[in-house]
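S.K.: predicted model, plus sequence, below.
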Amino acid sequence: MTDLDRLLRFAARSRLPEGGFGYLGDDGRVLPDRGQETWIVARMTHVFGLAQLTGREWWDGPVRHGVEALAAGPLHDGARGGWYASTAGDTPSDDGKAAYVHAFVVLAAATATATGAPGGRALLDEALGVWQTRFWDDTEGLAVEEWDAGWSRLSDYRGANANMHGVEASLAAADALGDDDPRAARLRGQALRSTERLVHGWARARGWRLPEHFTAAWEPLPEYNRDEPAHPFRPYGVTVGHLFEWARLALHVRAVTPDPPSWLLEDAVGLFAAAASRGWAVDGHTGFPYTLGWDDRPVVRRRMHWVLCEAVAAAETLATVTGEATYGALARRWRAHGEARFADPATGSWHHELTPEGAVAADTWAGQPDAYHLAQMLLLPGRPVRGSVAAALH
């Protein structure tokens with residue numbers, strides 16, 4: 001049994017009989033007090049769809065299960081459109097409409113469409129409609145962040161994280177729609193515009209120290225969440241894993257952009273080099289810290305599994321694109337570190353958070369809810385670089 005098969009068996013335990021997928025604890029059981037969270041349901045649906053695209057049997061059922069939950073479950077606002085962030089039973093516990101959440105619904109729907117899952121294309125059409133009309137700001141070339149449940153009040157906050165996943169989702173949706181659909185070219189163009197502003201603009205101008213938080217006028221907020229630096233989605237400072245993730249996404253954008261600008265590869269190399277040189281063992285312990293300050297010193301020293309997964313994935317992608325052996329060597333070295341430190345033989349997944357010394361921690365992430373980063377890391381080696389992981393598997 002491969003590492004991916006063991007991970008999938010663990011992830012399958014998140015399936016809820018009433019619909020959707022739950023948040024898994026360290027013992028592989030759903031944490032009942034978490035309710036349902038749209039990002040979890042969407043990511044699991046995406047992962048099971050990727051498994052199906054590899055030719056593995058059985059995973060079509062979980063994909064349909066996820067599509068049905070997103071299309072008609074309590075997370076879906078059938079009256080006003082869009083998706084709540086989370087529910088407790090049949091009641092929204094967080095009724096905001098967030099770009100981060102909707103990006104993952106688009107991603108799940110795109111992968112489900114690629115598998116041919118019943119209802120996948122209808123879900124994709126609906127999710128793209130919401131993304132384009134509610135979140136995409138064509139003037140800025142970026143997505144806004146969060147609305148209230150009735151789409152009447154828009155938050156003043158703007159974020160790079162939601163835009164990063166918007167790029168990923170837009171590329172996946174374009175691949176799923178196919179080149180004959182005019183939306184595909186538009187979505188790829190939007191992904192390029194967002195990458196240009198955030199990576200080629202703000203990150204490059206700051207020596208690859210990407211600001212994550214902005215005002216409504218897209219002015220950086222460098223002190224945002226200084227008093228909550230380990231926030232799971234909006235941490236203070238420079239998020240090391242996002243530098244790796246943006247490096248990889250820039251290469252996915254490059255793969256589907258006609259006559260791509262040279263900066264896509266140059267910036268991917270720059271982001272990767274900055275994250276690797278400033279992050280690895282910066283505090284004297286092996287591994288990457290969660291965040292760095294603007295002076296490149298570690299702020300949150302905890303090691304997150306997703307950061308390492310994105311480092312490996314970026315190294316693998318750069319190795320494929322450039323043919324340079326150095327990237328492949330780093331990918332192998334970092335993956336070996338993950339298998340030695342993070343891998344949990346009892347579950348088949350990886351612990352989500354460790355201390356710098358390697359002990360299991362839970363300051364930011366309780367349990368092992370997320371198969372998304374690890375599954376994609378395991379699937380990328382040996383695949384061609386396309387707009388999306390699903391397209392590479394196809």
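M.R.: Nice, thanks for sending it over.
S.K.: contact partners for the closest residue to Leu8 other than its chain neighbours?
M.R.: Setting aside the residues directly before and after it, Leu8 is nearest to Ala51 in space (CB to CB, 6 or more residues apart in numbering), at 5.4 Å. Where you see a C-beta, it was placed from the backbone N, CA and C, and this is true even at glycine. By CB atoms under 8 Å, 6 or more residues apart in numbering, the residues touching Ala51 are Leu4, Leu8, Trp59, Ala375.
S.K.: name the residues that touch the helix or strand bottoming out on mean pLDDT in the chain?
M.R.: Least confident helix or strand, the chain: strand 91-94 with a mean of 81, by mean pLDDT, DSSP states H and E. Strand 91-94 is contacted from outside by Gly35, Pro74, Tyr84, Ala85, Ser86, Thr87, Ala149, using CB under 8 Å, 6+ apart.
S.K.: can you do 10 Å?
M.R.: Defining contact as CB atoms under 10 Å, 6 or more residues apart in numbering, one finds that strand 91-94 is touched by 34-38, 74-75, 77, 83-88, 101, 149.
S.K.: got the buried residues for that strand?
M.R.: Within strand 91-94, the residues scored as buried using 16 or more other CB atoms under 10 Å are Pro92, Asp94.
S.K.: got the CA positions of it in PDB?
M.R.: The C-alpha trace of strand 91-94 is given here as PDB (Å, rounded to 0.1, in the frame of the first residue of the first chain):
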ATOM      1  CA  THR A  91     -27.800  26.000  11.300                       C
ATOM      2  CA  PRO A  92     -25.000  28.300  10.100                       C
ATOM      3  CA  SER A  93     -22.500  28.900  12.900                       C
ATOM      4  CA  ASP A  94     -20.600  31.300  10.800                       C
END
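S.K.: now do the next helix or strand after that strand: which elements does it pack against?
M.R.: Counting by DSSP states H and E, the next helix or strand C-terminal to strand 91-94 is strand 97-98. With contacts taken as 3 or more CB pairs under 10 Å, 6 or more residues apart in numbering; DSSP states H and E, strand 97-98 sits against strand 146-147.
S.K.: now do the strand it packs on, average pLDDT.
M.R.: Mean pLDDT, strand 146-147: 98.
S.K.: what of stretch 316-329?
M.R.: Across stretch 316-329, pLDDT averages out at 98.
S.K.: any idea how far apart the tips of that stretch sit?
M.R.: End-to-end distance for stretch 316-329, by CA to CA, to the nearest Å: 9 Å.
S.K.: fine, thanks again, bye for now.
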